[in-house]
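S.K.: I would like the atomic coordinates for the input below:
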Amino acid sequence: MKIEFIPTSQFAADVLEPPVPAKTVLPEWYKKTPFLTNNNSSYNFSETGVLPTTIKGCNPFLDGLTSGYISLLSVDVEIKKEGEKRFSFFWRTDNEVITSHTKDQHPFTPAAFNGDDSIFKFFNEFIIRTPKGYSTYFTHPINRHDLPFRTFSGVVDTDTYMNSVQFPAQLLDMDSNIMVLKKGTPICQFFPFKRVNWESNVLKYDESFIKKARHNYFSRIYRAYKSLHWKRKTYK
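M.R.: Sure, this is the predicted structure:
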């Protein structure tokens, strides 16, 4: 399967970086996190009955960080706090980087975590095209609570929509009056998925099924989820 990134201008083609695989932009705090807690040099499960692993031992957490693709901020952006939860954006290049929504477009949208209730948009200069029957889910970079904004989530049928998708977001509250979002900051993560019809079904409690599933999982001491259930996902 192929996802295609099509520049919408010669400037984008010549200068801007297209979206990249999410696995290539792991945050530094994750890289610095040790695999074992409290400077343990081995699992030592027999001493405590608890596996001393950090989030680095959690494959679902890592899959969240590394799945799909990420669009990156193309330039440094200075954010200035102009008043109570009001902000302005400044950058030095001539290309469009951030645009805004008017308040009447989102009159009842709540603020993000005590931040600004206004909505701005990270400007994206690449069309994202997927194969027939595939849409794309766009969202805030997963597990990136360190970022001072929250990108909205949305689904676009990118097999037929041949315009660039913009990334609306809201700022969180700032500790200081000025901060800089650095060039290369992840601003939106996205995943192609196949459109299929689903039906939900709630089953009766099955004690035998639950017992077998729990026994199978806990019969492994080390990396049970990875060894029994995890499947590799590839995004290039």
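S.K.: Which of the helices or strands spans the spatially most central residue of the chain?
M.R.: Here the mean C-alpha position of the chain is nearest to the C-alpha of P141 (Cα atoms, centre = their mean), at a distance of 1.9 Å. Per DSSP states H and E: P141 is located in neither a helix nor a strand.
S.K.: could you measure it against R92, distance?
M.R.: 24 Å (Cβ to Cβ, to the nearest Å). The C-beta positions use only the backbone N, C-alpha and C, and glycine is treated the same way.
S.K.: Same question for P18.
M.R.: Between P18 and R92 the computed distance is 22 Å (Cβ to Cβ).
S.K.: same thing with K182?
M.R.: In terms of Cβ to Cβ, K182 sits 13 Å off from R92.
S.K.: repeat for R232
M.R.: The gap separating R232 from R92 is 41 Å, by Cβ to Cβ.
S.K.: The two - which one has more neighbours?
M.R.: Taking neighbours as other Cβ atoms under 10 Å, R232 and R92 compare with R92 leading, 8 against 5.
S.K.: Quick check, the more buried one in contact with V77.
M.R.: No - under the criterion of Cβ atoms under 8 Å, R92 makes no contact with V77, lying 9.7 Å away.
S.K.: so where's this protein shaky on pLDDT?
M.R.: Scanning the chain for pLDDT under 70 picks out 39-49, 84-85.
S.K.: so where's the longest strand in it?
M.R.: strand 186-194 (DSSP state E).
S.K.: May I see the buried residues of it?
M.R.: Of all the residues in strand 186-194, those buried under the rule 16 or more other Cβ atoms under 10 Å are P186, I187, C188, Q189, F190, F191, P192.
S.K.: Looking at the residues you listed, spot the one nearest D157.
M.R.: The nearest member of these to D157, counting by Cβ to Cβ, is P192 at 10.9 Å.
S.K.: which residues touch the closest one?
M.R.: Shown in contact with P192 (Cβ atoms under 8 Å, 6 or more residues apart in numbering): M1, I3, G68, T130, Y134, S135, T136, T158.
S.K.: if I look at it, how far off is T33?
M.R.: Distance from P192 to T33, by Cβ to Cβ: 29 Å.
S.K.: same thing with K2?
M.R.: 33 Å.
S.K.: Those two: who's more crowded?
M.R.: Between K2 and T33, T33 has the larger neighbour count (other Cβ under 10 Å), namely 12 against 8.
S.K.: on that earlier part again, next secondary structure after the longest strand of the chain?
M.R.: Heading C-terminal from strand 186-194 (DSSP H and E), you reach helix 207-218.
S.K.: List of residues touching that next one?
M.R.: With Cβ under 8 Å, 6+ apart as the criterion, helix 207-218 contacts A224, Y225, L228.
S.K.: Which one (most neighbours) among those?
M.R.: Neighbour-wise, the contacts of helix 207-218 (other Cβ under 10 Å) top out at A224, 15 neighbours.
S.K.: For that one, give me the backbone phi and psi.
M.R.: Dihedral angles of A224 (phi, psi; degrees, to the nearest 10) stand at phi -60, psi -50.
S.K.: Disregarding residues adjacent in the polypeptide, which is nearest to it?
M.R.: Y217 (5.2 Å; Cβ to Cβ, 6 or more residues apart in numbering).
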